[in-house]
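In: need the 3D shape of this:
(chains A and B)
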Number of protein chains: 2
Amino acid sequence: MENTKIRERLAALRSKMKEYGIDYYLMPTSDYHNSEYSADFFKAREFFTGFTGSNGTVVVAQDWAGLWTDGRYFIQAEKELEGTGVTLYRMGNEGVPTIKEYLTENAASGSKIGFDGKVVPSAEGAGYESIFAAKSGVVVYDKDLAAEVWADRPALPSHPLYLVPADLCGKSFEEKLSEVREKMEELSAKDHLICKLDDIMWLTNLRGNDVECNPVALSYAFITPDAFHFFVQSGEMTEEVSDYCREHGFTVHDYSEISTFLENYDYDGDVLVNKGNVSYAMDKALDKGLNPGSYKKVNNFDPTELMKAVKNETELKNIREVYLKDSAVLCRFIYYVKNNVGKEPMDEYSLAMKLDDMRAQLPGFIELSFPTISAYGPNAAMMHYEATREDHAEVKAEGMLLVDSGATYLGGTTDVTRTMVLGPISEEVKEHYTRSCMGMLRLAAATFLEGCTGRNLDILARSPLWDIETDYKCGTGHGIGYMLNVHEGPHNIRWAMRPGLNDAALQPGMIVSDEPGVYKEGSHGIRIENIIEVVKAGKNTDGQFLKFAHLTYAPIDLDAIDKKYMEERDVKLLNDYHKQVWEKVSPLIVDQEIKDWLKSATREI
Amino acid sequence: MENTKIRERLAALRSKMKEYGIDYYLMPTSDYHNSEYSADFFKAREFFTGFTGSNGTVVVAQDWAGLWTDGRYFIQAEKELEGTGVTLYRMGNEGVPTIKEYLTENAASGSKIGFDGKVVPSAEGAGYESIFAAKSGVVVYDKDLAAEVWADRPALPSHPLYLVPADLCGKSFEEKLSEVREKMEELSAKDHLICKLDDIMWLTNLRGNDVECNPVALSYAFITPDAFHFFVQSGEMTEEVSDYCREHGFTVHDYSEISTFLENYDYDGDVLVNKGNVSYAMDKALDKGLNPGSYKKVNNFDPTELMKAVKNETELKNIREVYLKDSAVLCRFIYYVKNNVGKEPMDEYSLAMKLDDMRAQLPGFIELSFPTISAYGPNAAMMHYEATREDHAEVKAEGMLLVDSGATYLGGTTDVTRTMVLGPISEEVKEHYTRSCMGMLRLAAATFLEGCTGRNLDILARSPLWDIETDYKCGTGHGIGYMLNVHEGPHNIRWAMRPGLNDAALQPGMIVSDEPGVYKEGSHGIRIENIIEVVKAGKNTDGQFLKFAHLTYAPIDLDAIDKKYMEERDVKLLNDYHKQVWEKVSPLIVDQEIKDWLKSATREI
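Out: Below you'll find the model as predicted:
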């Protein structure tokens, strides 16, 4: 059956394309800042194809349209694209061309490609540029055709900015700015454009609400030796924030003025910009400043990235407190699930809602740090599974439930995963669970020299699984923001190097997740995730040693632990950890029944 | 007291410098191929300064001369430079300029620096070039002034080439050459210059004897799509090798013709050369070919490096056998030392000689793979310690003796370290020894995914020591040649990344050393080194797993092992290893007394 709604939208788009002489129009899944989540305003690809997945790019021509998405979405995309006339390109499948391969092969000489350059990363845009340059073609990146066709398009997200309370910052905007300027000088850059939203929020000690689960505002920052230009939607400025910006010497511009500003700026020195974080449009705008040729772009990681990752003492103090409170909520939740499963109806979605509600009742709660993953049985084998109100599994007194969740509070952002035993489980599952637990605890117990990166340490978490020739197809750990995004760099714990990935050395004050697991399609999924903090160990003639301290304190499910897989040291690590869980969390639990359960859940084995 | 001999030599050099208008003349410690050991011909720096250390560079001007060397040689250099008028520059010490810093500060505008461009690596030469270019100065790299002043200079080393017996190669020259040409094509290079001696030997299935402990001949190879140009001293060609070269289609040139050849070659495509392995002079010669500007140099690791590192089945079979025979010799040596210490006089040097003699008696012995390190007591804390006939310690029935040794035989090159207990040792030493042993065995027992490099695995060997905040200041492991150099790349086991270091993934057929240890200045030194082979483990949907197999089979000294530091798994690994030592080595030992000792030395704990 024809999907006339989509066909009409595509027809309108194609007529606009004709008007501008654009042969191919491309729409990815991204906002202006390559954020992890895109607001409805940015869902042009969905509007023109009907495909709702979280990853996909559509390319439209007059007599053809193609949608590229990855393996998670093949079935869903097939269904949603039915009758639209849009061809599905299954990324990664054999014989399926990439977008660039498709365009290289099909675009005629002299043809034009168009896209909104603000939603296309710089490197990707440059790729299209070179393909079309080779064909004597042209790239049109200053037209957002969706804006001209999509009549009832949602507004650009715009929510009030707010201040991080002064006693929670630990470092003033001025201190941070002067550190950034020092780095700019080191890199011989006079000016610096920051496009990454969480970096701008960290620097300004402001927060926003324009991206789902990320407490950030759509904004840009442009730093000169004597000015701080802050671009944000005027409607987001409260009186308090206005005063703050004035007091701290911000030069405030409307968010929409960034391109014009960059294009008319009188650069008299080089400008620092992270190629990996700037959009194609902003990168081009930087080239167009006054006195072209008299300055160049210095491509480097944003200095704010590393500064933001190394938490200051105030932040650390608050983070430790927040993680304890968050852990106590999780303990109560685990107790509820394990104690009531099989007795009252529960499903993946209702349990996620229940946990979200429990967190929301904590003082200082701001929002979830990502949509809670509640995955039962074989669903847990899908790393990015999301149960919905409409589509979810019933949770029964057998197998396991994996819950990965967290929130942003005044004082910190949390992230934690526990996999709970709800009934009988197999020997294989017990071994997988025990080894995941060993990996998590061994990494957290590491002592290592300053200078080590996650690449050096990853095997500590992974080897209990590698020993039985089992792997998890993801990194072991990621950095986490302070009242900010749940995923941040520049450090991580992974064994494989990816080109362009910043493989930063671990430093005291960094926090990182430690989340080994096992994912067996159609059978079971296990993940045990603690957040750990890098702290100093001893210093001697061999150097400065570092180690980790746990931030997360919630029981490991002893129903799935089998000592026969463990070394003596693993047993000791687990018992020590559980002792700490009891000591730190039990004072935060009022209900005697839950306390009794926690005592038993953290017993020595 | 004036050292008139050195002063006269320097005076002669300075007069030559005047003749050519050279203001600074530089002599490093290197042969034409940056080999690990330099023959006497190349010891110009020693000739002109009297300094005999294995690392140092001298720069001579009319009214000044400076010698740069590292911390190992400060005391020795001070002594040897006395009365020569040469100033010692202690590298790494605070306030001491590097050679480049010195020249940048002191060289006058328009001045000339000279050196023999064949003994200076390309990148280093380029560094001097840019310093002098900035001063409108000049680099003279085609004059070896030592040749003009040094009357009784030893001849360029020149020893007969020989063939690796056909049944020991496993792969013919033609097969290897065609693999190299495939790689050249992949890298879009028409021609390829190889300067690295062990790579040329590997490719040609020839061996030489021009570098101490390295079975290599001074040579160059230049590969075109249809010719193989081999540059070697004419005097090194035996009739057998001449026939071989003819049969295999080599175009043979005299070694001295390489520059002229490169400068007059008609490049009609790009030429592959590893910037890290080419001398400044050869790099410049490549620029001077006919049709300059019509070709460029492709800088890449030599493809031979990886091919050479992945041993073929024939090589592996021979290596395994050779390591067993070599292990048996070491067992007999350990027995001798432990059984006779305190009963008969022995010292570091005499013991090294004894072990060298025992190896020399093995069938197929060619030469030592490096000068045997025999270090007693605190001397073992110096990683590069070398006892000499004149200067060595007596070995007594107390403390420990570290012996690091190996040889090249027909069928393989070995390397092994054992630290032997000769009498009472402290608790601390026992802990250090036990943890070094745990590290060695844990790394050797690792299971890991294809794609891992040594950076991912290093911590397995190091963490038993890091756990007590102790480190060894060197890598854990290096590759080893097949009837070739004892140190080869491109793989290694190290945790820290060095810029320019090839961090190659481990592959089945690679062999690598596994040598953790502890070095406490003035107290003790421990190193336990096995060579291990990368082999396939299981393959499943999670990927291809790899693991190691031991090649070295010699007892770990149980007199220094304390189980209280070990996990259950460590004890099992040690017992399993010792069981294998007994099973594999005892059949090679004739003497019943030694057999009985070996039985006890490999007993279960």
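
In: for the stretch 251-400 of chain A, which residue gets nearest to chain B?
Out: Here the stretch 251-400 of chain A gets closest to chain B at one residue, residue A:381, 12.0 Å apart by Cβ to the nearest Cβ. The C-beta positions use only the backbone N, C-alpha and C, and glycine is treated the same way.

In: for residue A:127, what are phi and psi?
Out: In terms of degrees, to the nearest 10, the main-chain angles of residue A:127 are phi -60, psi -50.

In: ok, for it, nearest residue in space, not its chain neighbours?
Out: Excluding the flanking residues, the one nearest residue A:127 by Cβ to Cβ, 6 or more residues apart in numbering or on different chains is residue A:100, at 5.8 Å.

In: what about residue A:531, how many residues close to it?
Out: Each residue near residue A:531 was counted by other Cβ atoms under 10 Å in any protein chain shown, and the total is 29.

In: now what about the host helix or strand of it, what contacts it?
Out: Taking DSSP states H and E as the criterion, residue A:531 maps to strand A:530-540. Contact with strand A:530-540 is made by A:316, A:319-320, A:323, A:414-416, A:440, A:443-444, A:447, A:480, A:506-515, A:544-552, B:469, as judged by Cβ atoms under 8 Å, 6 or more residues apart in numbering or on different chains.

In: restricted to buried residues, select those residues in PyMOL.
Out: Burial among the contacts of strand A:530-540 is assessed by 16 or more other Cβ atoms under 10 Å in any protein chain shown; the matching PyMOL selection reads:
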select buried, (chain A and resi 316+319+320+323+414+415+416+440+443+444+447+480+506+507+508+509+510+511+512+513+514+515+545+546+547+548+550+551+552) or (chain B and resi 469)
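
In: how about low-confidence regions in the stretch 151-300 of chain A?
Out: Across the stretch 151-300 of chain A, nothing is flagged by pLDDT under 70.

In: what about the strands in it?
Out: Listed in chain order, the strands of the stretch 151-300 of chain A (DSSP state E, counting those that start in this stretch) span A:162-163, A:191-194, A:206-207, A:219-223, A:228-232, A:250-254, A:271-273, A:297-299.

In: what would the ones you listed look like in TSV with distance to residue B:138?
Out: Rendered in TSV, the data for these read as follows (distance: least, Cβ to Cβ, whole Å):
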stretch	distance to residue B:138
strand A:162-163	63
strand A:191-194	40
strand A:206-207	58
strand A:219-223	44
strand A:228-232	49
strand A:250-254	52
strand A:271-273	37
strand A:297-299	33
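
In: out of those, the one nearest residue A:521 is which?
Out: Nearest to residue A:521 among the strands of the stretch 151-300 of chain A is strand A:206-207; the distance by Cβ to Cβ comes to 39.2 Å.

In: what residues does the stretch 501-605 of chain A have near chain B?
Out: Within the stretch 501-605 of chain A, the positions near chain B by Cβ under 8 Å from any Cβ of the partner chain are A:537-538, A:540, A:542-543, A:545, A:567-569.

In: residue contacts, the residue nearest to residue A:127?
Out: Residues counted as contacts of residue A:100 (Cβ under 8 Å, 6+ apart) are A:127-128, A:131.

In: please report which of these has the highest neighbour count.
Out: Going by other Cβ under 10 Å, residue A:128 tops the contacts of residue A:100 with 23 neighbours.

In: tell me which parts of the stretch 101-250 of chain A are close to chain B?
Out: Counting by Cβ under 8 Å from any Cβ, no residue of the stretch 101-250 of chain A is near chain B.

In: please name every helix or strand in contact with the helix or strand harbouring residue A:455.
Out: Secondary structure from DSSP H and E places residue A:455 in helix A:454-466. Applying 3 or more Cβ pairs under 8 Å, 6 or more residues apart in numbering or on different chains; DSSP states H and E, we find helix A:454-466 packed against helix A:427-444, strand A:488-493, strand B:447-449, helix B:454-466.

In: the longest one vs chain B: in contact?
Out: No: using Cβ under 8 Å from any Cβ, helix A:427-444 never reaches chain B; the gap is at least 9.2 Å.

In: what packs against that helix?
Out: Under the contact criterion of 3+ Cβ pairs under 8 Å, 6+ apart, helix A:427-444 touches helix A:454-466, strand A:511-514, strand A:517-520, strand A:524-527, strand A:530-540, strand A:543-550, helix A:568-585.

In: hang on, the earlier thing: mind putting the helices and strands packed on helix A:454-466 into TSV with mean pLDDT and distance to residue A:360?
Out: Below are the helices and strands packed on helix A:454-466 laid out as TSV (pLDDT from 0 to 100; distance: least, Cβ to Cβ, whole Å):
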stretch	mean pLDDT	distance to residue A:360
helix A:427-444	98	27
strand A:488-493	95	23
strand B:447-449	98	41
helix B:454-466	98	41
